[in-house]
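Q: Give me coordinates for this.
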Amino acid sequence: MGFEESYIQLNGCRIRMRRGGKGQAVLYLHGANGAMQVQPFMNELAKDFDLLVPEHPGFGYSDEPDWLENIQDLAYFYLDFLKEQKLDTVHVIGSSLGGWLAMEMAIREPSRFKSLVLVGTAGVRVPNILPGDIFLWSPEQMVRNTFFDQAIAEKMLATPPTTAEEQDAQLKNRHTVAKLAWQPRLFDPFLAKWLHRIDMPVKLIWGENDKIMPPAVGRMLAELLPQASLQTYENCGHLPQVERASEFSAVVKKFIEEA
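A: Numbers count the residues shown, from 1 in each chain. Purely as a prediction, here's the structure:
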């Protein structure tokens, strides 16, 4: 399934977007590592849905606008993006930072969302349980702690970015993640009290061996979100969509179709 690449100008910021497939619109919001390439699970989802995969402002090949100061700025940008794309209602898949972003959007304009899939999402804090401190880990530690399957980690470590453009994009990603999530670490202290506004169906997907966002976060969100169900994968880390791509895609397809 082919994806078309385009650039969209909005609010003084140009972002890169890939779009592929037909059917119900599904917006994928990436995490801290960005969306540099089309992943196998994206190709799978594009067989059944119109999948939009933008790179957030401040990430990858998108612009780094002066107005971007926090995750709330990003949420308002994407609400404007949905309006500009004439997407009155949409399903959203958010991974990690992208899941946090999805919740910030949904508490503000819940009527725009048919469903949410939140994968190892940041955004809330469980008392006495800290997330992995991604700002202190070395690049190698970050890769190894992202995956349970170290064969995947070894493959990624063996193929580092080679061009100056790719290296610059990774540096930009890290800078923007620090701007959005450095203090407080990976959560919004005011988000939890508004989660009751997310009244659409929510599927929480977690790896049981997630070293970045502990599974306890998923269990807490399952209690706080009115229509949430939690699915976990054994022997899986922070990115089930990568480590369990086929299973992940099947679960997400079924959930969206039922929602």
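
Q: What about V251, how many residues nearby?
A: 17 (other C-beta atoms under 10 Å). Placement of C-beta: from N, CA and C, glycine included.

Q: residues touching it, list them.
A: By C-beta atoms under 8 Å, 6 or more residues apart in numbering, the residues touching V251 are 203, 205, 231.

Q: List the contacts of the closest residue to E234 other than its chain neighbours.
A: Counting by C-beta to C-beta, 6 or more residues apart in numbering, E208 is the residue found nearest to E234 once chain neighbours are left out, at 5.3 Å. The contact partners of E208, by C-beta under 8 Å, 6+ apart, come to 215, 232-236.

Q: Now with 10 Å, please.
A: 148, 214-215, 218, 232-237, 240 (C-beta atoms under 10 Å, 6 or more residues apart in numbering).

Q: same check, this time on A222
A: 202, 204, 206, 228-231.

Q: if you skip the residues just before and after it, what's nearest to it?
A: L230 (4.2 Å).

Q: just to revisit the earlier point, next one: phi and psi at the residue nearest to E234?
A: Main-chain dihedrals, E208, degrees, to the nearest 10: phi -70, psi -20.

Q: The closest residue to G31 other than its chain neighbours: how many residues sit nearby?
A: Spatial nearest neighbour of G31, excluding adjacent residues (C-beta to C-beta, 6+ apart): S96 at 3.3 Å. Residues lying near S96 (other C-beta under 10 Å) number 29.

Q: How about N128?
A: 6.

Q: Which of the contacts of E208 fall in helices?
A: 215, 218, 240 (DSSP state H).

Q: With respect to I256, which of the residues you listed is nearest?
A: Using C-beta to C-beta, P240 comes nearest to I256 of the ones in helices among the contacts of E208, at 16.0 Å.
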